[in-house]
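**Q** Need the 3D shape of this:
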Amino acid sequence: APPPQFRFVELLRDRYVGVLHQDHPLAEKALAGSVTLEDYRHYPHVEVSFNQGKDNTLGRTLDAMNIRRDVRAHLPNFVSGLVSLVGTDFLMAIPERLGASFMKTFGLIPFGLPFPLESHTYILLWHKRTERDPALAWLRRLIVVASRFIL
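**A** This is a model prediction of the structure:
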């Protein structure tokens, strides 16, 4: 939950998928929907994190399941992570809708993760001091409505 000085509204939830480059050794298995947990653990990973994996759903989930990976890079956002997959044998997990717009551009292939993972929640966040600003309230309403169509 955000700190008390912030307000938020949930926009939507999105499932996580694995992602790899089209030249990755697991590309055929990814296309066939047959990536196993052993496959997933075997290759190096890129992870979106600000705190070495302790502040994200994936890191917490895998720790709880005692699943260890070779995380080679902790990057601050999903887009930089996707770009870093190009031409490598790295894997990454990303919210499906977010990744979809980049798949073709970067030659990436999504695949179902071989373990259960809580969904990713998109939220709209604002400081409470802007709560009563009519222009910002209008913008927030617009974003909430638009998110149902564009995400």
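
**Q** ok, the nearest residue to Ala100 once chain neighbours are set aside to Ala137 distance?
**A** For Ala100, the nearest residue in space outside its immediate sequence neighbours is Pro110; the separation is 7.7 Å by CB to CB, 6 or more residues apart in numbering. C-beta coordinates here come from the backbone N, C-alpha and C atoms, glycine included. Pro110 sits at a distance of 37 Å from Ala137 (criterion: CB to CB, to the nearest Å).

**Q** same deal with Val86?
**A** Distance, Val86 to Ala137, using CB to CB: 41 Å.

**Q** For Glu81, give me the pLDDT.
**A** You called it Glu, but residue 81 is Gly. We note a pLDDT of 90 for Gly81 in this prediction.

**Q** out of Pro110 and Ala137, which sits in the more crowded spot?
**A** Between Pro110 and Ala137, counting by other CB atoms under 10 Å, Pro110 is the more crowded of the two (17 against 13).

**Q** low-confidence ranges in this structure?
**A** Low-confidence segments of the chain, defined by pLDDT under 70: 50-55, 151.

**Q** List the neighbouring strands of the helix or strand harbouring the residue nearest to Ala100 plus their orientation.
**A** Element membership for Pro110, per DSSP states H and E: strand 108-111. Using DSSP bridges, strand 108-111 pairs in its sheet with strand 16-21 (antiparallel).
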